[in-house]
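Engineer: predicted model and sequence follow; I will ask about them next.
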Amino acid sequence: MSNPAFWVALIAMLVGLAGTVVPVLPGIGLIWAAALVYALIERFSTIGPYTLAALSVLAVLGIGADLVISQAGSRVAGASWKAVAAGLVLGVAGTFVGLMAGGLGAIPMGIVGALIGVVGVEYLRRRSMGHALKAGGGWLAGCLVSRAFQFIIAAVMIALFVWQAVLVD
């Protein structure tokens, strides 16, 4: 395929695929946006409204999974909503601190921040390090499952895009 718009969209989508694993990079939203821009450039000749609708549903599922599954892991492990909220806030703060420290520390600092939030609040709430660590482990397990689910959804989105843009005439 010699269409430069296809290759630019595909490269953006591969960055989005990496973003489902690496939190600093944009993920599923980038894949969806690349498909939309490509559809607009091609005047919906290869990526039609039905395909774009299917990609939109997949994007909503993938983004929703990130919000729901990682937090559900915490809740299943016994974390309170306050611990989950603290994990979210300190995870975002840790990511920004990591970005300011050269960028490479964004991922570990985000994870560390979120874990400190969940574990810290649960320890203060129950005065039990065992319970606090269980809640933190639940958050981490939920986060890993969420990332795996997003990766699969992103791969399906890219496969659908390639199928429609290249293989379907």
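Structural biologist: All right, it came through fine. Numbering: from 1, shown residues only.

Engineer: find the nearest non-adjacent residue to the residue positioned nearest the centre of the chain, please.
Structural biologist: Against the mean C-alpha coordinate of the chain, by CA atoms, centre = their mean, the closest residue is residue 20 at 4.6 Å. Once flanking residues are discounted, residue 20 sits nearest to residue 150: 4.1 Å by CB to CB, 6 or more residues apart in numbering. (Glycine included, C-beta is placed from N, CA and C.)

Engineer: with residue 32 instead?
Structural biologist: Excluding the flanking residues, the one nearest residue 32 by CB to CB, 6+ apart is residue 59, at 4.1 Å.

Engineer: wait, doesn't residue 41 sit right on residue 4?
Structural biologist: No - applying CB atoms under 8 Å as the test, residue 41 and residue 4 come out as separate, 9.8 Å apart.

Engineer: these two: which is more packed in?
Structural biologist: Taking other CB atoms under 10 Å, residue 41 and residue 4 do not tie; residue 41 has more neighbours (16 against 9).

Engineer: got the buried residues for the longest helix that the chain contains?
Structural biologist: Looking across the chain with DSSP state H, the single longest helix is helix 129-162. Buried residues in helix 129-162, counted by 16 or more other CB atoms under 10 Å: 131-143, 146-147, 149-151, 153-154, 157-158, 160-162.

Engineer: now do stretch 88-108
Structural biologist: For stretch 88-108, a neighbour-count test (16+ other CB under 10 Å) marks 88, 90-91, 93-95, 97-99, 105-107 as buried.

Engineer: show me where the chain has its strands.
Structural biologist: Counting by DSSP state E, the chain has no strands to list.

Engineer: and the gap between the residue nearest to residue 20 and residue 6?
Structural biologist: 24 Å (CB to CB, to the nearest Å).

Engineer: swap in residue 118?
Structural biologist: The value you get for residue 118 to residue 6, if CB to CB is used, is 43 Å.

Engineer: neighbour count winner among these two?
Structural biologist: residue 118 (32 against 18).

Engineer: correct me, but residue 73 touches residue 141?
Structural biologist: Yes - the pair residue 73 and residue 141 passes the contact test of CB under 8 Å, sitting 4.8 Å apart.
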